[in-house]
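*Asks:* What follows is a predicted protein model with its sequence.
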Amino acid sequence: IIEARTLGKGTDLVTRLDLDGMYGQLVVLGIIISSYVGLMILSSYSGSRYAESGLFTIRRKLTESTLDLPISTLDREKTGDLVSRLNNDLNLIRQFLHQGIGTLFQAPILIIASTTYVYLVNWQLALVATVFTPAFMFFATKITKPVERHTRSMQQGQAELNILAHDSISGFTELKAFN
């Protein structure tokens, strides 16, 4: 909002050929952009640092708990399937930690601020958007169902590939031993 107002004032100053005022607006805009970039870098760095330290802890505990599993459990589960599930779950956790944590704090503030601003600018249009948003969300949910099925089948295929790769690699030494 501040950037848009600054750009609007700058445009007005350019059309009036007020160079002194235009330079002042450029300085203000530069400060705003520099502050924004600095905050984004700080946010990205701190979020990545938190995410990676959390993932390190999760991996360490996961390895410890996997080593403590009884042999009967390991015999029952296919190794490739187990590894595929662990990799997929860790990737989901990584995505959430890198992207989801910031969004959890940022999204509510952004929703409240943008909704307030939109209602102040044009309350009739905002009311129409508020009424039709649930319908759009319903259709978006219906569209994503086939994608979920495709993702699930892709994960099953990846598990089968991991099983095949593991069996091929683990059986290689036995084949070599029997020549």
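*Replies:* Now that the structure is in, tell me what you want to look at.
*Asks:* which SS state does Ser65 fall under?
*Replies:* Following DSSP: H, G, I helix; E, B strand; the rest coil, the label given to Ser65 is helix.
*Asks:* Flag the shaky bits of the protein, pLDDT-wise.
*Replies:* 1-7, 9-10, 19, 73-75, 77-81, 100-102, 167-179 (pLDDT under 70).
*Asks:* which residues of it fall in helices?
*Replies:* Here the chain has its helices, by DSSP state H, at 2-15, 19-67, 71-76, 79-95, 101-121, 123-177.
*Asks:* Same list, those, but as a markdown table with mean neighbour count please.
*Replies:* For glycine as for every other residue, the C-beta is placed from the backbone atoms N, C-alpha and C. A markdown table is the format used below for these (neighbours: other C-beta atoms under 10 Å):
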| stretch | mean neighbour count |
| --- | --- |
| helix 2-15 | 13 |
| helix 19-67 | 12 |
| helix 71-76 | 9 |
| helix 79-95 | 15 |
| helix 101-121 | 11 |
| helix 123-177 | 11 |
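*Asks:* Distance check, the residue nearest to the spatial centre of the chain against Asn122.
*Replies:* Among the residues of the chain, the one closest to the centroid is Gln99, at 3.3 Å (C-alpha atoms, centre = their mean). Going from Gln99 to Asn122 by C-beta to C-beta, to the nearest Å gives 32 Å.
*Asks:* Need the contact partners of stretch 60-76.
*Replies:* For stretch 60-76, the external contacting residues (C-beta atoms under 8 Å, 6 or more residues apart in numbering) are 86, 90.
*Asks:* okay, how far is it across that stretch, tip to tip?
*Replies:* Start and end residues of stretch 60-76 are separated by 23 Å (C-alpha to C-alpha, to the nearest Å).
*Asks:* Can you give the distance from that stretch to the centre of its chain?
*Replies:* Remark: stretch 60-76 is offset 30 Å from the chain centroid, using C-alpha atoms, centre = their mean, to the nearest Å.
*Asks:* Also stretch 83-101?
*Replies:* Stretch 83-101 has its C-alpha centroid displaced from the chain centroid by 10 Å (C-alpha atoms, centre = their mean).
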